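[1] Attaching a predicted model along with its sequence, questions to come.
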Amino acid sequence: MWERTLHDLIRGLRANKNDEAKFIAQANEEIRREIKSKDMELKAGAVMKLTYLDMLGYDMSWASFHVIEVMSSSKNHLKTVGYLAAAQSFNEDTDVLMLTTNLLKKDLSSTPIDVAVALNGMSHIVTADLARDLSPELIAMLNHSRPHIRKRAILTLYRLCEKYPDALRHSASRIQEKLDDPDPGVVSATVNVLCELARRNPQDYLPLAPQLFHLLTTSSHNWMLIKIVKVFGSLCPHEPRLVKKLQPPITDLISTTSAISLLYECVHTCIIGNMLQGASGFSLARSCVSKLAAFLEDHDQNLKYIALLAMVKIVPTHPQLVAEHQETILASVDDADISIRMRALDLVAALVTRDNLQSIVQQVLSHLVQPETSSVPSAVQSLSQHIVPSVPSKAPSAPSQSSAYRLVLSRSIMSMCSSSTYDNVTDFEWYLSVLVDLTYVSNVDIGAQIRDQLTDVVGRVRAARAYAVKLMAKLLSDETFLLNAGEPGNCSEVLLAAAWICGEYCDELLAPEELLPYLLAPNVALLDPDIIAVYIQAANKIFGYWATEAAQKWTDDLLEKVKIAVENMIEQMEEFVSSPHIEVQERAANILQLFTHGGENGYTDVASAFDPIAGPSFPKSLYLIHPLFSTYELAPVASAAQASVPIPDGLDLDAWIVPSMQGSLAEDDEVAERKPKKSKKGKEKALPNQTKAKGGKKKRREDSPPVELAPQEPEETAEEIEERERLKAERLERLREDPYYITDDRPQKPVVDDIDSIPVVRLDDLSKEEPRLFALRSHTSRSAPSRFVVDKEGEMPEGVVSTPPRQESAPISRQQTPGLFDRISTPPPSLPSFQQYEVPEEDHTRTSTPEPIKVTRAKKKAASSAKKKRIIKPDS
């Protein structure tokens, strides 16, 4: 009878691609008949076809016993088929594996051909039980007379030791002997096994270092040298004396070998083995860096990648050597391979110092600038399209145009500059310009990070605030952000920082009122609600500062400007009061109340009834807003400030604020925890108002009214209204006597329509309390260079004794960068910070620390059986 062979099965699969499932089903039926045959040749052919189908994803676990039958064949070519099928389909859960123990022992003591086949199959199907039972036979194979058997045995031993670690203890001496085996293949296999074992537990293989060193200096086999170098890379961190011993041969290999793989392994071993330290290590490091730099210029992308990986590890110890190849490294930032670009960015970030930060950032920033391409085709292109019409080919996009990569570039720039609290930044005006450039050219959603950086820099570096206000005023006046607020990558979050900076430090602008139209523009409503809230607050701050300045240099011409500004503020706040966002609505309502304080014309009415000598001739309310925001200066908060806030004496955070509510809440908890009791049979007991139907089921009464989820309230009668008012009066009277309830007992004042009768004494007194808040600073040109001092520590709560601050970075000077707005005043003077409390030197004890107590034990009396008593004596 004609039987289908493996070749026929493959041809049939190719011929039945449209109906493969049907063909496989027919083939399986044939295989099931063939595999039960008494003919071993036919059975082996069926197993071979099943192995092929198993590689295609079809299950053959049902034929495991038949596979073992083929493995036990006396013919080598059939035995090979059986072991191949076992290696393909067997796993640790195969239940017939226990039947292979005696079979493997028999094959290991058979002819060399059968031994070789058994060792190959054993390395794939070995389990913990098989490894335990077969370890003596396998260790004996290490002394076989045939070199290829010894080589297979040493490699199989590694797989056996993974399943049964005790076998390594019994075979350690044999493994060491194989390092001196006369056959190079056996030695190479032994080194491979040691390389894997030493990677897991290097200390156990330090005694083999002399033999491995001898092989390193005498062998010329590149692949074995790679493994030996890897072994020494694992051993050197645990034996420092190996470093000096290995430096000469490793240096010789680096300078003489032409094998790139061996060269890289030598460089990698020098890095992880701490061989680059000291005078001799410096020369070795220079050789390594020069070889890696050659890899960067190679056309092979794999060499570029491994070179960047190795250089990242060399930078911490020898940054000056890697910095010599900065241009080559930066060229890899725009490589076509994304993996190379990412590794190049890691290396560039590791190379940053105070001296090269600006040059590196400028080169990385240039990759974000999109090339200008004209959408209008040239004359030659138009003519060629008419002559030979074809589909226009789309130019491949540059690597830096990927949104994901542009996001990584932008974040890398900010991380390089902000590391260690801006320790590498020497010019903060330059860094502010970089952040503004990122806002325009990043074209990714990086606005939140830029916003945080802007506010942090301005808060920490006082000398950079004037320039920051100038840049932020430029951002606020740019209508592009408002028009494209909803588009991705617009970075409109930067406007929040711009508005906050201009509002908080508006005294840096000579004409702050010119920013009000930008903050009150109608398109502001298109922004995010968080940004709108800051816009409202900034507009209020700027108006308050400008109104104070106008009051101090009042002229009749300013009256019209003040009226227009007030009208614009009131008009815009009335629009924001109806905003659905609570933050915007609340801020707008507060500001609207400030502007309507004192009547409709409180900010614009000139008090002409006053004598020019006795009283001012400007609206008194111009001094109202500015003191609300300028009393204290905002400062950066220390990271440990919140944890350092002391708990006031007598404050119990666990105590109830309203003790009367504790009992009511406890009762509510008891009611909520009540559960229906269960009878012995597991059924719930019926409540008194419930009945049971036949069969034990509960039934609701027919006359019970339906439950209303939202009952309608009936109209109140006159008596009910009177009763409700009486209860309300009683409740208010009861709450008035409650010390934990705050009530407003002030009588309501009637609305005064006469504006002249409003007392202005408070406003005048307010202006006299802090005269320096309203004084104008002299506007002089900033000819002197700026001095940047970073406040790295931040502000701590009052009364907290902080640790000595770290040494601040030296102030850096630079010439003023030409700005975008020229209306800049001198930087504000240093305002006094919170008072610091000093601990007197005479008093070295802390009141919060109790006196030490000595605990002594009284001697036990012989006649008494009482227990020992502790006597506590205070330390005098």
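    Yep, it's here. Here the structure is a predicted model, which means the values were calculated and not measured.
[2] what's the helix or strand for the closest residue to Ala349 other than its chain neighbours?
    Once flanking residues are discounted, Ala349 sits nearest to Met416: 5.3 Å by CB to CB, 6 or more residues apart in numbering. From N, CA and C alone the C-beta is placed, and that goes for glycine too. Assigned by DSSP states H and E, Met416 belongs to helix 403-418.
[3] what's the one helix or strand Tyr305 maps to packed up against?
    Tyr305 is part of helix 301-314, with elements assigned from DSSP H and E. Counting contacts by 3 or more CB pairs under 8 Å, 6 or more residues apart in numbering; DSSP states H and E, helix 301-314 packs against helix 260-272, helix 278-296, helix 319-323, helix 338-351.
[4] What's the local residue count around Leu13?
    Using other CB atoms under 10 Å, Leu13 has 16 other residues around it.
[5] Got the phi and psi for it?
    phi -60, psi -40 (degrees, to the nearest 10).
[6] could you dump stretch 467-482 to CSV, C-alpha only?
    The C-alpha trace of stretch 467-482 is given here as CSV (Å, rounded to 0.1, in the frame of the first residue of the first chain):
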residue,chain,number,x,y,z
TYR,A,467,14.3,89.3,31.7
ALA,A,468,11.6,86.7,32.4
VAL,A,469,8.9,89.3,32.6
LYS,A,470,10.1,90.7,29.3
LEU,A,471,9.8,87.2,27.6
MET,A,472,6.5,86.4,29.2
ALA,A,473,5.0,89.7,28.0
LYS,A,474,6.0,88.7,24.5
LEU,A,475,4.2,85.4,24.9
LEU,A,476,1.1,87.0,26.3
SER,A,477,1.0,89.4,23.3
ASP,A,478,1.3,86.6,20.8
GLU,A,479,-2.2,85.8,19.5
THR,A,480,-1.0,82.5,18.0
PHE,A,481,-1.5,80.7,21.3
LEU,A,482,-5.1,82.0,21.7
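[7] Tell me where the model's unsure across the stretch 501-650 of the chain.
    For the stretch 501-650 of the chain, residues meeting the criterion pLDDT under 70 lie at 597-620.
[8] where along it do the helices fall?
    Under the criterion DSSP state H, counting those that start in this stretch, the stretch 501-650 of the chain contains helices at 516-519, 529-552, 557-577, 582-595, 626-630.
[9] Same question for the stretch 351-500 of the chain.
    Under DSSP H, counting those that start in this stretch, the stretch 351-500 of the chain gives helices at 357-366, 379-387, 403-418, 428-441, 447-460, 465-476, 480-483, 494-504.
[10] Point out the most buried one among those helices.
    helix 494-504 (a mean of 27; mean count of other CB atoms under 10 Å).
[11] circling back: so how far is the helix holding Met416 off the chain centroid?
    Counting by CA atoms, centre = their mean, to the nearest Å, helix 403-418 is centred 13 Å from the centre of its parent chain.
[12] Ok, stretch 303-323 next?
    24 Å.
[13] that older thread, packing partners of the helix holding Met416?
    helix 338-351, helix 357-366, helix 428-441, helix 447-460.
[14] Show me the shaky parts of the protein.
    1-3, 371-400, 597-620, 660-714, 738-787, 799-876.
[15] count of residues packed around the residue lying closest to Gln370 once chain neighbours are set aside?
    Excluding its sequence neighbours, the residue lying closest to Gln370 (CB to CB, 6+ apart) is Gln401, at 6.7 Å. The tally of other residues near Gln401 (other CB under 10 Å) stands at 14.
[16] For the residue nearest to Ala349, which residues are in contact?
    Contact analysis of Met416 by CB atoms under 8 Å, 6 or more residues apart in numbering lists 348-349, 352, 357, 360-361, 424.
[17] try 7 Å
    Counting by CB atoms under 7 Å, 6 or more residues apart in numbering, Met416 touches 349, 352, 357, 361.
[18] next one: Phe295
    Counting by CB under 7 Å, 6+ apart, Phe295 makes contact with 303-304, 306-307.
[19] Let me know the distance separating the residue nearest to Val461 when sequence neighbours are not counted from Ala638.
    Setting aside the residues directly before and after it, Val461 is nearest to Phe428 in space (CB to CB, 6+ apart), at 4.8 Å. Noted for Phe428: a distance of 20 Å to Ala638, by CB to CB, to the nearest Å.
[20] Thr257 contacts Tyr264, doesn't it?
    No: Thr257 lies out of contact with Tyr264 (CB atoms under 7 Å); the separation is 10.3 Å.
[21] the more surrounded of the two?
    Comparing Thr257 with Tyr264 by other CB under 10 Å, the one with more neighbours is Tyr264, at 23 against 15.
[22] about what we covered before: could you dump the helices and strands packed on helix 301-314 into a markdown table with distance to Leu509 added?
    Formatted as a markdown table, the helices and strands packed on helix 301-314 follow (distance: least, CB to CB, whole Å):
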| stretch | distance to Leu509 |
| --- | --- |
| helix 260-272 | 54 |
| helix 278-296 | 49 |
| helix 319-323 | 42 |
| helix 338-351 | 36 |
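[23] Of all those, which one comes closest to Glu716?
    helix 338-351 (72.4 Å; CB to CB).
[24] Which other helices and strands does the closest one contact?
    helix 301-314, helix 319-323, helix 326-331, helix 357-366, helix 403-418 (3 or more CB pairs under 7 Å, 6 or more residues apart in numbering; DSSP states H and E).
[25] neighbouring contacts of the first one?
    Spelled out, it's helix 301-314. Residues contacting helix 301-314 (CB under 7 Å, 6+ apart): 260, 264, 267-268, 271, 285, 288-289, 292, 295-296, 298, 322, 332, 337, 339-340, 343-344, 346-347, 350.
[26] related to what we said a few turns ago, quick one, which of the helices of the stretch 501-650 of the chain is nearest to Pro112?
    helix 529-552 (79.6 Å).
[27] in the closest one, what counts as buried?
    Of all the residues in helix 529-552, those buried under the rule 16 or more other CB atoms under 10 Å are 529, 531-551.
[28] could I have it exported to CSV, CA atoms only?
    Only the C-alpha atoms of helix 529-552 are listed here, as CSV (Å, rounded to 0.1, in the frame of the first residue of the first chain):
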residue,chain,number,x,y,z
PRO,A,529,-10.0,77.1,32.8
ASP,A,530,-6.9,76.9,34.9
ILE,A,531,-5.2,79.4,32.6
ILE,A,532,-8.2,81.7,32.6
ALA,A,533,-8.1,81.8,36.4
VAL,A,534,-4.5,82.8,36.4
TYR,A,535,-5.2,85.4,33.7
ILE,A,536,-7.9,87.0,35.9
GLN,A,537,-5.6,87.1,39.0
ALA,A,538,-2.7,88.5,36.9
ALA,A,539,-5.0,91.2,35.4
ASN,A,540,-6.1,92.2,38.9
LYS,A,541,-2.5,92.4,40.2
ILE,A,542,-1.3,94.4,37.2
PHE,A,543,-4.2,96.8,37.5
GLY,A,544,-3.6,97.3,41.3
TYR,A,545,0.1,98.1,40.7
TRP,A,546,-0.6,100.4,37.9
ALA,A,547,-3.4,102.2,39.8
THR,A,548,-1.0,102.7,42.7
GLU,A,549,1.6,104.2,40.4
ALA,A,550,-1.0,106.4,38.8
ALA,A,551,-2.2,107.7,42.2
GLN,A,552,1.4,108.7,43.1
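[29] Good, we can wrap up now.
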